[in-house]
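Undergrad: Quick check, what structure comes out for this input:
(chains A and B)
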There are 2 protein chains.
Amino acid sequence: MVEIAVMGYGVVGTGVIEVLAKHSDGLTRRAHEQMHVKYVLVRRDFPEPPLMGTFTKSFEQIVNDAEVKIVVEVMGGLHPAYDYVRRCLLAGKSVVTSNKELVAAKGADLLQIAKDHNVNFLFEASVGGGIPIIRPMSQCLAANVVIGVAGILNGTTNYILTKMFRNGADFKDALAEAQRLGYAERDPTADIEGLDACRKICILASLAYGKHVYPEQVHTEGITKITKADVEYAEKWGGVVKLIGEVKRVESGKVQIIVCPMLVDRESQLSNVDDVFNGIMVRGDITGDVVFYGKGAGKMPTASAVVADVIDCVKHLKARKYLYWSDGSPDYVEDYREAVRAFYIRAHAVNCDNAFEKAAELFPGASRLTRKNAPAGEFAFTTGKMPEKECDRKLQQLVSSSVTVDGRIRIGEM
Amino acid sequence: MVEIAVMGYGVVGTGVIEVLAKHSDGLTRRAHEQMHVKYVLVRRDFPEPPLMGTFTKSFEQIVNDAEVKIVVEVMGGLHPAYDYVRRCLLAGKSVVTSNKELVAAKGADLLQIAKDHNVNFLFEASVGGGIPIIRPMSQCLAANVVIGVAGILNGTTNYILTKMFRNGADFKDALAEAQRLGYAERDPTADIEGLDACRKICILASLAYGKHVYPEQVHTEGITKITKADVEYAEKWGGVVKLIGEVKRVESGKVQIIVCPMLVDRESQLSNVDDVFNGIMVRGDITGDVVFYGKGAGKMPTASAVVADVIDCVKHLKARKYLYWSDGSPDYVEDYREAVRAFYIRAHAVNCDNAFEKAAELFPGASRLTRKNAPAGEFAFTTGKMPEKECDRKLQQLVSSSVTVDGRIRIGEM
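TA: Residues are numbered from 1 along each chain as shown, chains lettered A, B, ... in the order given. Now for the predicted structure:
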């Protein structure tokens, strides 16, 4: 019998206890050992006891109980989660978490403590909900050098963008519908501004290259500026707009990492990842592109990923799973304006034909896009590839010749 | 230092040695131990020595060398691979294989021996080449009950079908091109008759439900009867034709399993798996649909999956990885004619309108499909859902009223 403590009794926490209580027989068969929830750490009183275990408001009770071998942290947020997880690891307990904020901010630190104390710190549920991605990346691709990772990592924004494409909804209406359906929170900032996706790509980047990338090092743009016009031009171009988190290693040994909306070609596997689904593409030097697809969030998928990690901890109470990356450094991330890409640009001018001619002089390989019922003066085009800072410079030149630039979207290569 | 023997020096074998020799530093870092190939088992002489290790023609030398802890079997075929792998496991060596024929025919037996001797028998490369699927299925989905698995498991046939859809090629021309490009073998039977896909779905089924399904228990149809006409009707219907391997558990506790061409709706993630790529959808009761996508074959992707398993063996020389299923039984697989599905049917008659009317009486929910330039008398339709044996009976009735049935394709639900 292995004793477990669950810290947090929100959506994921109740799901974890539900899975552990209801699937007990099957889980025992797989773990070769019975698992029992001893404590559930809560901050307030609940009318009913949990399905398994007893409530406690005392973290000290958990950390000081030598019987508790595995602690599940599903409180979310950095504080007090970081302090609690740290102390559990220091006390020789393995920890499983779904807390992406924690792993993205403190992963290297916690992995080091886990290593020093010969316990496990697992977080499969922190990226992609129920989609297995952390474990396949660290294990199955062990014989590959990761060229890059690109993914649709946030279901809320993907739902909104899918609505804009399918139904021609504008951003506000699509967001309102996502909120009505419970896909977006009342304060949707973390999703629509790209912060959630940023934490996830930080975790994947750290894992892929063995060195921590912190969220504040990543240039992050959300989807709030995407308009119906962009949607129509993207369709004409032959693709869709997706919020992409992307990382690759560059020759200097640094990483290029960004979170932003991108135009994704219809031929790409990621262009077909719609609604609240997530899709993650891992490009290996040997395997080529491998894509993982599924529901990236939700109570039960996330809970099932947490429980799978718990089972893994039970099986590895003595032999540590090897999952590790080292501390990051301020100069490890390349300036995002160095990245070489093609761009889509939407603008307007009094005479849009003249303005496009001017643009075509500035941007080699410029190719004009059209859409039905475009307002007078509007024009849009895609550019050839160039460093982003060069594109910025040219856009300034364009603006100085009486053109107003209304939107720019990077063109993805995945 | 861990000593390894590689049995077989064909495409995959040379790839494995290449990866081990060229990526040595990175692999050592990941495995926490240096790996060295001591022997390469070959049947004939080669002009050059291998990149690592020495050639031997003696299996006895390998099995009797106590220094060899891990044996890689990449010979293919059942004999002598089965005998060799068995004896290595009995001798306390862990075995890694890419041999799907072996795992599909003898998996339960070999897993039992591995268990009894506390060693590992791993075979990630046997399904999906470089796509991680065995490990994610057995570990990450540990907290799920698998409702079903459906996949495009053979790259050769998928390439052929993609050509037929994209270029309007007929089967023979598409096959010839696949052979010219090296995607299909000179004797393409195992691929185009579905045998290769059958072995893979047997492995996935055995893993998903813990009980061996043998290839001879699986109704298997290849793609040789798919025509240009079917391709055109499928497009009109709103989908594509894919060779699908599918398994699900039915209420009786038996499994429903089949390999055959299916109509796949454009909305399905599997419809976008084109060319030589593979896609595998695992439907969990909690996670919902999770899809794994990538190159399902090829020297280096397969070799990289083998090497990842080798690394896992090195890390688990003492703690066994838990991968296991029990022997199968003759009554474990349900008669495939019991499965309830919708069907697509193509036929001809002197008066096709009358014939379709007759068909519509027989098949509730019949919906006619049309295509440009259909020859006189041809008609096609989709049916409502019914057990396959009922469809067979109705088709006989249709035939008895002077209709010739030219093709029938099951409609997938994935």
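Undergrad: what pLDDT does A:Lys321 get?
TA: In this model, A:Lys321 is scored at 74, pLDDT.
Undergrad: Could you look up the SS state of it?
TA: At A:Lys321 the chain is in coil, as set by DSSP: H, G, I helix; E, B strand; the rest coil.
Undergrad: ok, the closest residue to it other than its chain neighbours to chain B distance?
TA: Distance criterion C-beta to C-beta, 6 or more residues apart in numbering or on different chains; nearest residue to A:Lys321, sequence neighbours excluded, is A:Asn120 at 5.2 Å. For glycine as for every other residue, the C-beta is placed from the backbone atoms N, C-alpha and C. Applying C-beta to the nearest C-beta, to the nearest Å, the value for A:Asn120 to chain B is 13 Å.
Undergrad: A:Val310 touches A:Val6, doesn't it?
TA: No. Counting by C-beta atoms under 8 Å, A:Val310 stays clear of A:Val6, with 9.6 Å between them.
Undergrad: wait, is A:Val264 part of a helix?
TA: No. Counting by three-state DSSP, A:Val264 is not part of a helix but strand.
Undergrad: Just confirm it contacts A:Gly412, I think it does.
TA: Yes. A:Val264 lies in contact with A:Gly412 (C-beta under 8 Å); the separation is 5.0 Å.
Undergrad: what's the burial count for the residue of the stretch 151-300 of chain A found nearest chain B?
TA: Scanning the stretch 151-300 of chain A for the residue nearest chain B gives A:Thr287, at 3.3 Å (criterion: C-beta to the nearest C-beta). Residue neighbour count, defined by other C-beta atoms under 10 Å in any protein chain shown, stands at 27 for A:Thr287.
Undergrad: Likewise for the one 4 residues further on?
TA: When neighbours are counted by other C-beta under 10 Å, A:Val291 registers 26.
Undergrad: Confirm it sits in a strand?
TA: Yes. A:Val291 sits within a strand when classified using three-state DSSP.
Undergrad: residues contacting the nearest residue to A:Leu362 once chain neighbours are set aside?
TA: Among residues not flanking A:Leu362 along the chain, A:Lys394 sits closest, at 4.6 Å (C-beta to C-beta, 6+ apart). Residues near A:Lys394 by C-beta atoms under 8 Å, 6 or more residues apart in numbering or on different chains: A:Leu362, A:Phe363, A:Met386.
Undergrad: quick revisit: name the residues contacting each of A:Val264 and A:Gly412.
TA: A:Lys242, A:Ile244, A:Leu270.
Undergrad: what residues are up against A:Gly238?
TA: Here A:Gly238 is in contact with A:Asp265, A:Arg266 (C-beta under 8 Å, 6+ apart).
Undergrad: Enumerate the positions of the helix-or-strand element of chain A with minimal mean pLDDT that are buried.
TA: None of the helices or strands of chain A scores lower by mean pLDDT, DSSP states H and E than helix A:24-31, at a mean of 85. Residues A:Leu27, A:Arg30, A:Ala31 are the ones in helix A:24-31 that count as buried (16 or more other C-beta atoms under 10 Å in any protein chain shown).
Undergrad: now do the same end-to-end measure for stretch A:46-59.
TA: Terminal residues of stretch A:46-59 are spaced 17 Å apart (C-alpha to C-alpha, to the nearest Å).
Undergrad: cool, stretch A:74-93 as well?
TA: 16 Å.
Undergrad: Establish whether it and chain B are in contact.
TA: No. Stretch A:74-93 is not in contact with chain B by C-beta under 8 Å from any C-beta of the partner chain; minimum separation 14.2 Å.
Undergrad: Pull out the buried positions in that stretch.
TA: Quick answer for stretch A:74-93 (16+ other C-beta under 10 Å): A:74-76, A:81-82, A:84-89, A:91, A:93.
Undergrad: Show the average pLDDT along that stretch.
TA: 97.
Undergrad: List the contacts of the host helix or strand of A:Ala359.
TA: For A:Ala359, the host element (DSSP states H and E) is helix A:352-362. Helix A:352-362 is contacted by residues A:345, A:347-349, A:366, A:368, A:376-379, A:381, A:394, A:397-398, A:401-403 when judged by C-beta under 8 Å, 6+ apart.
Undergrad: Only C-alpha atoms, please: export that helix in PDB.
TA: C-alpha atoms of helix A:352-362 as PDB (Å, rounded to 0.1, in the frame of the first residue of the first chain):
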ATOM      1  CA  CYS A 352      -3.700  50.900 -52.400                       C
ATOM      2  CA  ASP A 353      -2.300  49.900 -55.800                       C
ATOM      3  CA  ASN A 354       0.400  52.500 -55.600                       C
ATOM      4  CA  ALA A 355       1.000  51.600 -52.000                       C
ATOM      5  CA  PHE A 356       1.400  47.900 -52.900                       C
ATOM      6  CA  GLU A 357       3.900  48.800 -55.600                       C
ATOM      7  CA  LYS A 358       5.900  50.700 -53.000                       C
ATOM      8  CA  ALA A 359       5.700  47.700 -50.700                       C
ATOM      9  CA  ALA A 360       6.800  45.300 -53.500                       C
ATOM     10  CA  GLU A 361       9.900  47.400 -54.000                       C
ATOM     11  CA  LEU A 362      10.700  47.200 -50.300                       C
END
